[in-house]
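Colleague: Quick one, what's the 3D model for this:
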Amino acid sequence: MGETLRVGQVLRYASAKDPTDPVLDGYTNFHYVTDAPGHKKALLESGINGMAKVSAPGRRRPAILIRSSPWKAGSEQTPWHDVFDMDNGHVRYFGDHKAGLTKPPGTTTGNAALLDAFAEHQAPTPQERAGAAPLLLFRAVSRNGKVKGFVEFCGLGVIERAERIVQWAGHEHTTFTNYVYDIALVDLTAENDQVDWDWITARRSPAVSDQEALAKAPRAWREWVKRGHSALPRIRRRVARARVFKVREQRPVPDSQRDDDLRFIYDQFEGRKHEFEAVASAVAARVLRGSGHGYREGWITRRTGDGGADFVGRIDLGTGLAGTSLVVLGQAKCILPDSLVSAEQIARVVARLRRGWIGIYVTTGAFSEPAQLEMVEDQYPIVLINGMHLARELRSMARDDHGNDLAACLNHLRYDQDVPITSRRPEEILLK
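Modeller: Next up, the predicted model:
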């Protein structure tokens, strides 16, 4: 791997454009990172900077570098406001047509390059998309008291839509026609949020085929080339994904002690799923108390008329006037360890939560990635305990209180716990 651009990285873009020094004024030198001997310099002089096409099959454009200057937004020269929503992988970027230009919209240098790229990005086959120009997005940032000379790398993009719009210009309120582009930022998690500049350099060489250059591309870009825009929901950049655990990460290593424990726990409650609720309540209490919270177990709900909750508890925060309490609504699901809890199942629990309540979902299975992503993005107030976590907590309880006898621990939680089974409204826990 050669030099890389990392999402969120601030680079020094000096007017001298000297690629010699890796660092300038304490920041990575943009021209050092993007230097490719034998090729022209990569530039950000304009808002839209299309690299010259090369004579590879299909006249390939290596890349288009886009720079947004937020400090210019709303001025007579730049009346539009670009939108960079990096957390959700979306950029809305305005083209370079300006008031007073007599040439037709779409024929300015920048718009022409982006419309050309848009056509490539809409291509119906992987072979055509393999040569499509990637968009590398930057925005100007101020550093050391200066609004010029520094840029932040914002990611790698694909144009989803291009739209002609009418805009106001300056104080005279004249109008002109421009283009606006909706750009999807692709997920670079597999590359540690980085783009390897060797990929762009390979695309600049006429001797390198589209497929050879594609081999150096980020994984999400290769997936987009393969499947087109239908892949965008899966490969769009989502910061929330950093908090999502893959299913394999939620399951014990096969044939390990933890795996044996989990399957033993499941077998103990096969055909007696209601008894698992007492175990889930105890594990929830241990997890929440272990996080430093004052947690109090309430009760296990009866099988009928439980209102969708399997157990109820309470978290106490602070004391006296400087304290408050939250209702905890618990859901227990004893399912095959190889099974998944879906987004719909979690959403059903969340739908029962009132203001000031939180949920906790304890299962012997795992949580699907879409379920976790929805929870993070919609900020669901719910705690998830998967089967591996459950087995770890129960083994720890067995070791601490039952001579490491897991069966004795489970029997104690089922039959000897002082947690009543009753039908009460969850909010009554606040009166205890």
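
Colleague: If you count neighbours, what's buried in stretch 266-286?
Modeller: 266, 268-269, 275-286 (16 or more other C-beta atoms under 10 Å). In short, each C-beta sits where N, CA and C put it, glycine included.

Colleague: And for stretch 357-374?
Modeller: Neighbour counts over stretch 357-374 (16+ other C-beta under 10 Å) mark 357-369, 371-374 as buried.

Colleague: Tell me where the stretch 51-200 of the chain has strands.
Modeller: 64-68, 83-85, 90-94, 135-140, 150-169, 174-185, 194-196 (DSSP state E, counting those that start in this stretch).

Colleague: Indicate which one of these is closest to residue 383.
Modeller: Comparing those against residue 383 with C-beta to C-beta, the closest turns out to be strand 83-85 (27.7 Å).

Colleague: Packing partners of that closest one?
Modeller: Contacts defined by 3 or more C-beta pairs under 8 Å, 6 or more residues apart in numbering; DSSP states H and E place strand 83-85 against strand 90-94.

Colleague: Any idea how far the strand it packs on is from the middle of the chain?
Modeller: Mean-position distance between strand 90-94 and its chain equals 18 Å (C-alpha atoms, centre = their mean, to the nearest Å).

Colleague: and it, which strands flank it?
Modeller: strand 83-85 (antiparallel), strand 174-185 (antiparallel) (DSSP bridges).

Colleague: tell me the mean pLDDT for the first one?
Modeller: This means strand 83-85. Mean pLDDT, strand 83-85: 90.

Colleague: Output stretch 126-140 in CSV with nothing but the alpha carbons.
Modeller: The C-alpha trace of stretch 126-140 is given here as CSV (Å, rounded to 0.1, in the frame of the first residue of the first chain):
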residue,chain,number,x,y,z
PRO,A,126,-20.1,-4.1,-14.4
GLN,A,127,-17.8,-3.8,-17.4
GLU,A,128,-18.9,-0.3,-18.0
ARG,A,129,-18.9,0.7,-14.3
ALA,A,130,-15.4,-0.6,-13.9
GLY,A,131,-14.1,2.4,-15.8
ALA,A,132,-16.3,5.0,-14.1
ALA,A,133,-14.6,7.9,-12.4
PRO,A,134,-14.5,7.8,-8.6
LEU,A,135,-15.3,11.0,-6.8
LEU,A,136,-12.9,12.0,-4.0
LEU,A,137,-14.5,14.6,-1.8
PHE,A,138,-12.8,17.3,0.2
ARG,A,139,-14.0,20.4,2.1
ALA,A,140,-12.0,23.5,3.1
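
Colleague: tell me the mean pLDDT over it?
Modeller: 96.

Colleague: Please apply the same query to stretch 92-99.
Modeller: On average, stretch 92-99 scores 91.

Colleague: hmm, back to that, Throw the strands paired with strand 90-94 into TSV and include distance to residue 9, thanks.
Modeller: Formatted as TSV, the strands paired with strand 90-94 follow (distance: least, C-beta to C-beta, whole Å):
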stretch	distance to residue 9
strand 83-85	15
strand 174-185	15
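
Colleague: show me what contacts residue 182?
Modeller: 90, 91, 92, 159, 160, 161, 162, 163 (C-beta atoms under 8 Å, 6 or more residues apart in numbering).

Colleague: Skipping adjacent residues, who's closest to it in space?
Modeller: Leaving aside its sequence neighbours, residue 182 sits nearest to residue 161 (C-beta to C-beta, 6 or more residues apart in numbering; 4.3 Å).

Colleague: Helix, strand, or coil at residue 397?
Modeller: Residue 397 falls in the helix class when you classify it by DSSP: H, G, I helix; E, B strand; the rest coil.

Colleague: how about it, what does it touch?
Modeller: 282, 283, 286, 409, 413.

Colleague: And the pLDDT at residue 358?
Modeller: Predicted confidence (pLDDT) for residue 358: 95.

Colleague: looking at this, it is in a helix?
Modeller: No. Counting by three-state DSSP, residue 358 is not found in a helix; it is strand.

Colleague: if I pick residue 163, what's in contact with it?
Modeller: Contacts for residue 163 (C-beta under 8 Å, 6+ apart) come out as 179, 180, 181, 182.

Colleague: Next one: it relative to residue 382, how far apart?
Modeller: Residue 163 is 38 Å from residue 382, where distance means C-beta to C-beta, to the nearest Å.

Colleague: What of residue 282?
Modeller: From residue 282 to residue 382 the distance is 19 Å (C-beta to C-beta).

Colleague: between the strands paired with strand 90-94, which gets nearest to residue 139?
Modeller: Per C-beta to C-beta, nearest to residue 139 of the strands paired with strand 90-94: strand 83-85, 6.0 Å.

Colleague: Quick check: buried residues in that closest one?
Modeller: residue 84.

Colleague: Could you do stretch 18-26 as well?
Modeller: 19, 24.

Colleague: picking up where we left off before, residue 179 is in contact with the residue nearest to residue 182, correct?
Modeller: No. Using C-beta atoms under 8 Å, residue 161 makes no contact with residue 179, being 10.2 Å away.

Colleague: Of those two, which one has the most company?
Modeller: A side-by-side neighbour count of residue 161 and residue 179, using other C-beta atoms under 10 Å, places residue 179 first with 22 against 12.

Colleague: Please consider this matter closed, and thank you.
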